[in-house]
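J.: Build me a model:
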Amino acid sequence: MSGRRAAVRRVALALVAAELAACAAPQGQVVLLPERDGKATSVVVTQPGGELVLSQPYAAASLTRNGPQPATRTPAEVQARFGAAMAALPLPPTRFTLYFVEGKDEFTDESRRQIDAVFAEIARRPLPDVVVIGHTDRVGSDEYNDTLSRQRAEVARQALVLRGLAPEQVVAVGRGKRELAVPTADGVAEARNRRVEIQVR
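T.: Here you go, the predicted model:
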């Protein structure tokens, strides 16, 4: 009988060990990738069994039935395992600001030279989505500035279309003097408010 009890005990212990192993078996993985611009970032991984904060590039959490378990991965390991998925991710949105001569829909010389850089960023994307938002300073009436901001947005839009961007891929709108980059009193000329913002997604 004692031999039979010992055999049953061994089987029971084996089952418990197998159950614990199943509970701890990874069900997935979360890896914190570095930001393209180098900024610090973090993520909290939460499961019923607990939570884990990842705050360093390539810190990882193995997801188990007992909750997230800490791990680390090297850049080479991440590339080998997730490279195809990362390559399929869309590029992050990019924003450009171009400036205009006072009272005109004419780019400043420096901003005119930036148009090629804007188009180069657009050309990196297989299906670009571009929004151009025109702005003015607070010199002039609301009606005057609404018109001027739309004209500025259209000038930027046409500059991109002339370089090969499909017209249907870019939207141009004007905001007049409603959304100032630099708050000023009414009637104040401020070069940093005479702008278009180009959002590339």
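J.: Now tell me which helix or strand of the protein has the poorest mean pLDDT.
T.: helix 2-24 (a mean of 39; mean pLDDT, DSSP states H and E).
J.: where exactly do the helices run in the protein?
T.: 2-24, 75-87, 109-123, 142-162 (DSSP state H).
J.: who touches the shortest one?
T.: Meaning helix 75-87. The contact list for helix 75-87, computed with C-beta atoms under 8 Å, 6 or more residues apart in numbering, reads 31, 33, 58, 73. For glycine as for every other residue, the C-beta is placed from the backbone atoms N, C-alpha and C.
J.: one more time with 7 Å
T.: Residues from elsewhere that reach helix 75-87 (C-beta atoms under 7 Å, 6 or more residues apart in numbering): 31, 58.
J.: Could you pull up the mean pLDDT of that helix?
T.: Averaged across helix 75-87, the pLDDT comes to 86.
J.: Restrict that helix to CA atoms and write it as PDB.
T.: The C-alpha atoms that make up helix 75-87 are tabulated as PDB, following Å, rounded to 0.1, in the frame of the first residue of the first chain:
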ATOM      1  CA  PRO A  75      17.700  44.900 -30.900                       C
ATOM      2  CA  ALA A  76      18.900  41.900 -33.000                       C
ATOM      3  CA  GLU A  77      16.300  39.600 -31.300                       C
ATOM      4  CA  VAL A  78      13.500  42.100 -31.900                       C
ATOM      5  CA  GLN A  79      14.500  42.600 -35.500                       C
ATOM      6  CA  ALA A  80      14.600  38.800 -36.100                       C
ATOM      7  CA  ARG A  81      11.300  38.200 -34.500                       C
ATOM      8  CA  PHE A  82       9.200  41.300 -35.300                       C
ATOM      9  CA  GLY A  83      11.100  42.900 -38.200                       C
ATOM     10  CA  ALA A  84       8.400  42.100 -40.800                       C
ATOM     11  CA  ALA A  85       5.700  43.500 -38.600                       C
ATOM     12  CA  MET A  86       7.700  46.700 -37.800                       C
ATOM     13  CA  ALA A  87       8.400  47.300 -41.500                       C
END
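J.: That helix: which residues count as buried?
T.: V78 (16 or more other C-beta atoms under 10 Å).
J.: Can you get me a residue count around the closest residue to D142 other than its chain neighbours?
T.: With sequence-adjacent residues excluded and distances taken as C-beta to C-beta, 6 or more residues apart in numbering, D142 is closest to G176, at 6.1 Å. Per other C-beta atoms under 10 Å, the neighbour tally for G176 reads 20.
J.: what does L33 give?
T.: Burial of L33 is recorded as 16 neighbouring residues (other C-beta under 10 Å).
J.: Likewise for I133?
T.: Residues near I133, counting by other C-beta under 10 Å: 21.
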